[in-house]
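Novice: Fold the following, please.
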Amino acid sequence: MSRNTLEQIRALLNSEGIDFREVKHAPTRTSEESAAARGESMSVGAKALLLKTDDVFRLFVLPADRKLASRAIRHHLGVKRTRFATREELHKMTGLVPGSVPPFGEPILPFELYADEGVGQHIDRVAFNAGSLTHSIIMNATDWDKLAKPERFRFSQES
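Specialist: Purely as a prediction, here's the structure:
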């Protein structure tokens, strides 16, 4: 990638005049650690997962306090198989490590973007690791939805 992902996200948000708060914190590897570092509840977290659906990689965003319902994805997309991208695949395609993937497709990441209906539903705010395990962004969920333009459907369940 020509510029690092965090810089790309900052530039996109600033160019669109979107208010956001950036939090620098110790490295976080789990949704629980990230929520604590940000001072936000896990339900505000927007967990982004890169999945291979049959032969296509796609990015899926769900509330951090929920888990993926792969069957719903297979049914909605009409695919037979889903699996998480490996650490190596993720790094090769994005330059990122697990836990640092932000909830953005184009122009930030080269993937179709899908968001669970629950993202930003109860609290109009989303928080996410922004291409780094040490930098998070917290922003209005409505702004995120308008900017990211994900296709929305239900693909999460209670943890």
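Novice: List the residues that contact the closest residue in space to Ala69 that isn't next to it in sequence.
Specialist: Excluding the flanking residues, the one nearest Ala69 by Cβ to Cβ, 6 or more residues apart in numbering is Gln157, at 4.7 Å. From N, CA and C alone the C-beta is placed, and that goes for glycine too. Listed by Cβ atoms under 8 Å, 6 or more residues apart in numbering, the contact set of Gln157 reads Arg66, Lys67, Leu68, Ala69.
Novice: Could you report the neighbour count for the third one?
Specialist: Spelled out, that is Leu68. Counted with other Cβ atoms under 10 Å, residues neighbouring Leu68 total 18.
Novice: got any ranges where this structure has weak pLDDT?
Specialist: 1-3 (pLDDT under 70).
Novice: Who are the contact partners of Thr30?
Specialist: Per Cβ under 8 Å, 6+ apart, neighbours of Thr30: Gly99.
Novice: distance of it from Glu151?
Specialist: 27 Å (Cβ to Cβ, to the nearest Å).
Novice: Same question for Leu50.
Specialist: Distance from Leu50 to Glu151, by Cβ to Cβ: 16 Å.
Novice: Which one of the two is surrounded by more residues?
Specialist: Neighbour comparison, Leu50 and Glu151: the larger count goes to Leu50, with 20 against 12 (by other Cβ under 10 Å).
Novice: how about that one, what does it touch?
Specialist: Neighbour list for Leu50: Phe57, Arg58, Leu59, Phe60, Phe84, Ala85, Glu89, Leu90, Met93, Thr94, Val101, Phe111 [criterion: Cβ under 8 Å, 6+ apart].
Novice: from memory Leu90 sits against Ser100, does it?
Specialist: No - applying Cβ atoms under 8 Å, one finds Leu90 not in contact with Ser100, separated by 9.2 Å.
Novice: And the two? Which one has more around it.
Specialist: Ser100 (23 against 19).
Novice: Wait, a strand at that one?
Specialist: No - read with DSSP: H, G, I helix; E, B strand; the rest coil, Ser100 is coil and lies in no strand.
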